[in-house]
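> For reference, the sequence and a predicted model appear below.
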Amino acid sequence: MAQVTNELMFEVLKSIQQQTQRMDLTLGEVKLELQAIRGHQLAMQQDISVIYSRLGSIEQRVDRIERRLGLTEPAH
């Protein structure tokens, strides 16, 4: 069995430290990507809100046009 020395333990600890640093970098990249996704999601939600607003406005205009042209049946 190999003898455990301070040098061997130091090399193992250096290796662990390097792996930890790589994981930290990777986690940082993942965090940035998630923030970008959140930004896109917010933009899409705002766009959808604007679309619904516009559709509501168009629906009101169509209803008004139909009433003026007499195309709607009176409510009972």
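Cool, got the structure.
> Could you use CA atoms for every contact and neighbour count after this?
Fine.
> Which pLDDT does the model give Ala75?
At Ala75, the model reports a pLDDT of 65.
> Phi and psi next, for Pro23.
Let me fix one detail, which is that residue 23 is Met and not Pro. Backbone torsions of Met23, given as degrees, to the nearest 10, read phi -60, psi -40.
> pLDDT at it, what is it?
Looking at Met23, its pLDDT is 98.
> Kindly report the same for Met1.
Met1 is given a pLDDT of 61.
> what does Arg68 give?
The model reports Arg68 with a pLDDT of 93.
> Same check on the one 3 residues further on?
Note on Leu71: pLDDT of 89.
> That one: which element?
Assigned by DSSP states H and E, Leu71 falls within no helix or strand.
> Report how many residues lie close to it.
Residues near Leu71, counting by other C-alpha atoms under 10 Å, number 10.
> Need phi/psi at it.
phi -90, psi -10.
> Would you mind listing where this structure has pLDDT under the threshold?
Low-confidence segments of the chain (pLDDT under 70): 1, 74-76.
> And the strands in it?
Ranges of strands in the chain, per DSSP state E: none exist.
> What distance do you get for Val4 to Glu11?
In this structure, Val4 and Glu11 are 11 Å apart, going by C-alpha to C-alpha, to the nearest Å.
> Looking at these two, which one has more neighbours?
Remark: of Val4 and Glu11, Glu11 carries more neighbours, 12 against 8, as counted by other C-alpha under 10 Å.
> and that one, how far is that from Asp24?
Where Asp24 is concerned, Glu11 sits at a distance of 20 Å (C-alpha to C-alpha).
> In the protein, mark out all the helices, start to finish.
6-69 (DSSP state H).
> what about Leu27, how many neighbours?
Quick note: Leu27 (other C-alpha under 10 Å) scores 12 neighbours.
> now do Glu29
Neighbours of Glu29 using other C-alpha under 10 Å come to 12.
> How much space separates it from Gly39?
Using C-alpha to C-alpha, Glu29 is found at 15 Å from Gly39.
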